[in-house]
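Trainee: The sequence and its predicted three-dimensional model are supplied below.
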Amino acid sequence: MDGPEVIVVPTGSANLASILAGMRRIGAAPRVSDDVGEVASARRVVLPGVGAFGAAMAKLSVGKLTDVLAERVREGRPTLAVCLGLQLLCATSEETEGAVGLGVLPSRVERFSHEVRAPQMGWNMVEAQSGCRFLETGYAYFANSYCLRDEPEGWSVACTEHGGQFVSALERGAVLACQFHPELSGPWGLGLLARWLAIGETEGDTC
């Protein structure tokens with residue numbers, strides 16, 4: 001189909017079908033690729049994920065994709081991380097001891113408190129803080145047992161309550177990372193994806 005091309009990186013257990021469908025709904029032309037050169041040069045890249053932190057990082061490491069993905073995010077180039085994809089931006093995760101993430105965020109991913117249901121499955125409120133240009137307050141669909149608790153410096157964030165406050169999304173430059181699934185979050189989520197896609201038209205070559 002015609003439309004802006006989006007490269008979707010497979011992480012071994014990614015929610016590829018829903019991501020591809022969501023991208024097509026907003027008029028994009030998504031294509032799955034784990035080619036290092038394509039991921040490095042692409043105008044827009046999506047890092048999806050469903051599954052374990054360690055397994056996904058192992059898949060990216062074998063494909064030699066860790067450096068190019070980290071570089072894209074540090075440079076603020078159009079990159080979307082979804083669900084586990086957000087967690088992979090962090091340094092480590094309680095889910096897989098010893099595994100090292102992309103390290104763009106100097107943070108450790110933590111499991112939800114045993115006092116609340118984990119995984120969190122279903123809809124929850126996302127509260128966008130001031131300074132966000134992609135994120136707006138609304139309800140999103142979540143499926144996660146782990147989360148980022150601390151707001152990273154230099155990022156605009158949105159937060160959600162589930163056994164305490166956690167970071168449900170963050171953005172900087174043309175980078176957007178969502179703990180929830182925007183592609184499964186109805187018109188609100190598709191609107192978020194469309195805003196991210198549109199910014200790639202003006203910033204994809206320069207960020």
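Mentor: Good, I have the coordinates.
Trainee: Run through the residues that contact L184.
Mentor: With contact set as CB atoms under 8 Å, 6 or more residues apart in numbering, L184 has these partners: S18, G22, Y141. C-beta here means a position set from N, CA and C on the backbone, and glycine is covered the same way.
Trainee: if I pick M125, what's in contact with it?
Mentor: M125 sits next to T137, G138, Y139, T160, E161 when contact means CB under 8 Å, 6+ apart.
Trainee: Now do stretch 170-186, average pLDDT.
Mentor: Per-residue pLDDT over stretch 170-186 has a mean of 98.
Trainee: Show the end-to-end separation of that stretch, please.
Mentor: Counting by CA to CA, to the nearest Å, you get 19 Å between the two ends of stretch 170-186.
Trainee: Any idea how far it is from the middle of the chain?
Mentor: 6 Å (CA atoms, centre = their mean, to the nearest Å).
Trainee: on that earlier part again, redo the contacts of M125 as JSON lines? Include distance to P182.
Mentor: Output for the contacts of M125, formatted as JSON lines (distance: CB to CB, whole Å):
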{"residue": "T137", "distance to P182": "14"}
{"residue": "G138", "distance to P182": "10"}
{"residue": "Y139", "distance to P182": "12"}
{"residue": "T160", "distance to P182": "14"}
{"residue": "E161", "distance to P182": "19"}
